[in-house]
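Enquirer: here is my input, please return the structure:
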Amino acid sequence: MPNFTKKSVLAFFALLTILAYGLLIPWLGFYWDDWPFAWIGEFLGPSEFIPAFRPFRPFLGPIFVVTTSLLPPIPFVWQIFGLIIRLSSALAAWWALKQIWPERKFQTLSVSLLFLLFPGYSQQWVALTHINQEWISLIAYLLSFGLTASALRNPSKPKSILALLLLFWGLFPTEYFIGMEPLRLLIIFILLPKNISPFWMRIKRSLQIWTPYLLLWLANAGWLAYYYTQGGYNSYSVEASSGSAGVPLQLIQGIGDAIYKAVWLSWMQVIGQFSQSLTAPTTIIGLALVLFTFTLIFIYFQRLKLGDSTKGSKIWATQAILIGLAGVLLGRAPSWLAGLPLKLQTTFDRLTISIMFASALLVAGLLELLIRNRKWRMIALSGLLALAVGQQFMSANDFRRDWERQRNLAWQLSWRIPALEEGTALITHQLPMVYESDQSFTAPLNWIYAPDYRAGDDLPFALVNTEKRLGGGTIPSLEPGTPITVPYRTVSFHGSTSAAIVIYAPKNGCLRVLDPVYANERVYNREDDFLTDTIFLSDPSRILTETEGATVPDFLFGKEPAHTWCYYSTKAELARQLGDWVEVAHLGNVAEAEGYHPVDAFEWLPFIEAYIYTEKLDRAEELSQIAYQKEPRLHKGLCELWGRGEVNTPLVKGEELAKIIQDELDCFP
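Expert: Predicted coordinates:
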């Protein structure tokens, strides 16, 4: 087998990037703030990001303007761009590290690979958001570090100026990296010539060199302080840590937690995920990917010839550990002071981006210091990197599932609600997705139902989560006529509780439009009060059935999926709303003939009622028994349904059967 040279490293970086982040890209989409940002770029234009970010992070606006001008709002395109940006960040880190430690070729490569695959950060696939909000700034910061080191080794005023410019773009657009700057001082200190002594002279000289960067850093701190005191910049709904007696203990716990997660838990968490379900297909694929990646990396390391020095490795390890440890603590400090938790595998693990580079340095330094045998060190490093690839694959699969739920919800909305009266709020208490909120999904809602929206108009539609918004500025109360206000960057939705439709989208069921007659608070009495208390507001008449149907953009959600149970369920609900019981029964017959059945027995209700009114009483009775046996919570729903059937059925036999079934269900205790 031939040896690998330095020329192969770029291809190796690219291969690992694809293995970790690219395998599931065709099945990934938009998440969280990706949606409003994509909607703004498409309907308001890229220039709208300038006023959109002015009250929050004004220096982010130009970054969004550039990227959204170059790239269309297509999920696949942004996911590919995310791959390119992640690879670019690793190459920037590698270049910067080589400027700091040019003789430590394998060590700097190791740090860069650990940085590339850092498994504590699971937000890679929220691509449009995090590329613009953090990754571009982080790349600028890393390049700034490298230019500072290069200017120290080969004095160059242009390099120093460029380093300051890159520092500006690393600092000012986002507060994530404010804790990284002291690392530059440590880098300067270790790069000073050895003949500068004693120790205090080295410190003095380091501070002199660092002064321009320090001034820019302090200017940024002042800028942040100004915006925080203005109240517009801080977009987090958390409280900063106070000066209470418990703060010292909290600080110690916070330090320990950050180090533990940076050095150990981030890298080992995938083992726990695998062990939860060893026979699951995703676990089997993930384990196979880990084994394949481990073999690939170890063979590559064994055959890689970089011509690096092995002398003084303990010195390098000590430097890497000290800088890494400082970076982890300083990188975590701002978010800790803001009261933000560092929780892995949640949206809060986005905070690890500020400690990612330092964590890679710390882990690589510990491996170098603790494992003296080069082969065993390669095995350990290969194992960590392989586990990281496995973790990123598992995270990507979570996002894949979430995107599938998004697609299903979008299409079910279009089937159940062909069109909507403008000014309608869709109210619910939860969504079947993990990586979206009501505000983020308001964007695709308007994309589907207001494809001709023009800038300057009010937002036509909004999705409102009562669990999150009730009692606040969005929806103060559930009294009829209460204003519903949803600020959406530079536009707003203005509606009313008297112009609303209540929807329910369970994770293991189909979308439903609730209403005071067929799907009321008695039918769903076991559900959360945040849902049932709103049903009386639901006005299905705001669903327009005589106009052109909703447009689900295929460049966003792909082609219309096959018509399985949820298609027939949502269409049957719509037909029930229109009083077309023959169509409801027909849809039930077609679904049965195709072999489709509901997972959630509540979805039998429209068909049972249709069979009563279309004189298929035996089928109605049979389905009632099946549904009740599967889901006893249907008791009140079946009682109400057969109560209506007793009154409305055209057959005397149907009236008699309705009474019998109501007695069997003990509807009148």
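
Enquirer: helix or strand for Leu128, which one?
Expert: Following DSSP states H and E, one finds Leu128 within helix 127-130.

Enquirer: now what about that helix, what contacts it?
Expert: For helix 127-130, contacts defined as C-beta atoms under 8 Å, 6 or more residues apart in numbering pick out 30-34, 37-38, 73, 78-79, 81-82, 123-124, 350, 353. Bear in mind the C-beta positions are built from the backbone N, C-alpha and C, glycine included.

Enquirer: kindly report the same for stretch 174-187.
Expert: Contacts for stretch 174-187 (C-beta under 8 Å, 6+ apart): 57, 60, 100, 133-134, 137-138, 141, 144-145, 148-149, 167, 170-171, 206-207, 210, 213-214, 217, 220-221, 224, 322-323, 326-327, 330-334, 351, 353-354, 357-358.

Enquirer: any of those buried? List them.
Expert: 57, 60, 100, 133-134, 137-138, 141, 144-145, 148-149, 167, 170-171, 206, 210, 213, 217, 220, 224, 322-323, 326-327, 330-334, 351, 353-354, 357-358 (16 or more other C-beta atoms under 10 Å).

Enquirer: could you find the residue nearest the spatial middle of this structure?
Expert: With distances taken as C-alpha atoms, centre = their mean, Tyr435 lies nearest the centre of the chain, 4.5 Å away.

Enquirer: for the nearest residue to that residue once chain neighbours are set aside, what are phi and psi?
Expert: Of all residues not flanking Tyr435 in the chain, Tyr31 sits nearest, at 4.1 Å (C-beta to C-beta, 6 or more residues apart in numbering). With angles defined as degrees, to the nearest 10, Tyr31 sits at phi -140, psi 160.

Enquirer: and the strands in this protein, which stretches?
Expert: Assigned by DSSP state E, the strands in the chain fall at 419-420, 425-428, 462-465, 483-488, 491-496, 500-504, 512-514, 543-544.

Enquirer: angle of the fifth one against strand 483-488?
Expert: It refers to strand 491-496. Inter-element angle recorded for strand 491-496 and strand 483-488: 170 degrees (by axes from the mean of the first three to the mean of the last three C-alpha atoms, to 10 degrees).

Enquirer: so who does the residue nearest to the centre of the chain touch?
Expert: 31-32, 126, 347, 399, 402.

Enquirer: filter the residues you listed to the buried ones?
Expert: The buried subset of those (16+ other C-beta under 10 Å) comprises 31-32, 126, 399, 402.

Enquirer: can I get those in CSV with pLDDT and distance to Leu44?
Expert: Formatted as CSV, the buried ones among the contacts of Tyr435 follow (pLDDT from 0 to 100; distance: C-beta to C-beta, whole Å):
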residue, pLDDT, distance to Leu44
Tyr31, 96, 20
Trp32, 93, 19
Val126, 97, 21
Phe399, 97, 27
Asp402, 96, 26
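
Enquirer: what's the closest of those residues to Ser440?
Expert: Trp32 (5.5 Å; C-beta to C-beta).

Enquirer: ok, that closest one touching Thr346?
Expert: No. Trp32 is beyond contact range of Thr346, at 11.8 Å (criterion: C-beta atoms under 8 Å).

Enquirer: now for Ile136, how many residues are close by?
Expert: 23 (other C-beta atoms under 10 Å).

Enquirer: no, scratch that, I was asking about Ser477
Expert: Neighbourhood size, Ser477 [other C-beta under 10 Å]: 11.

Enquirer: assess the claim that it and Thr466 are in contact.
Expert: No. With contact defined as C-beta under 8 Å, Ser477 does not reach Thr466; the gap is 10.6 Å.

Enquirer: quick one: the helices in the stretch 301-450 of the chain?
Expert: 313-337, 356-370, 374-416, 438-449 (DSSP state H, counting those that start in this stretch).

Enquirer: for the ones you listed, which one sits closest to Gln577?
Expert: helix 374-416 (9.0 Å).

Enquirer: kindly calculate the angle that that closest one makes with strand 500-504.
Expert: 130 degrees.

Enquirer: tell me what helix 374-416 is packed against?
Expert: Under the contact definition 3 or more C-beta pairs under 8 Å, 6 or more residues apart in numbering; DSSP states H and E, helix 374-416 sits against helix 9-21, helix 105-117, helix 266-276, helix 281-303, helix 356-370, helix 438-449, helix 554-557, helix 565-577.

Enquirer: chain center to the first one: distance?
Expert: Relative to the mean C-alpha coordinate of its chain, helix 9-21 is positioned 23 Å out (C-alpha atoms, centre = their mean, to the nearest Å).

Enquirer: the last one too?
Expert: Here the centre of helix 565-577 is set off from its chain's centre by 31 Å, with C-alpha atoms, centre = their mean.

Enquirer: quick one: mean pLDDT for stretch 160-169?
Expert: Stretch 160-169 shows a mean pLDDT of 96.

Enquirer: residues in contact with that stretch: which ones?
Expert: Contacts for stretch 160-169 (C-beta under 8 Å, 6+ apart): 59, 136-137, 140-141, 143-144, 147-148, 151, 181, 212-213, 216-217.

Enquirer: noted, bye for now.
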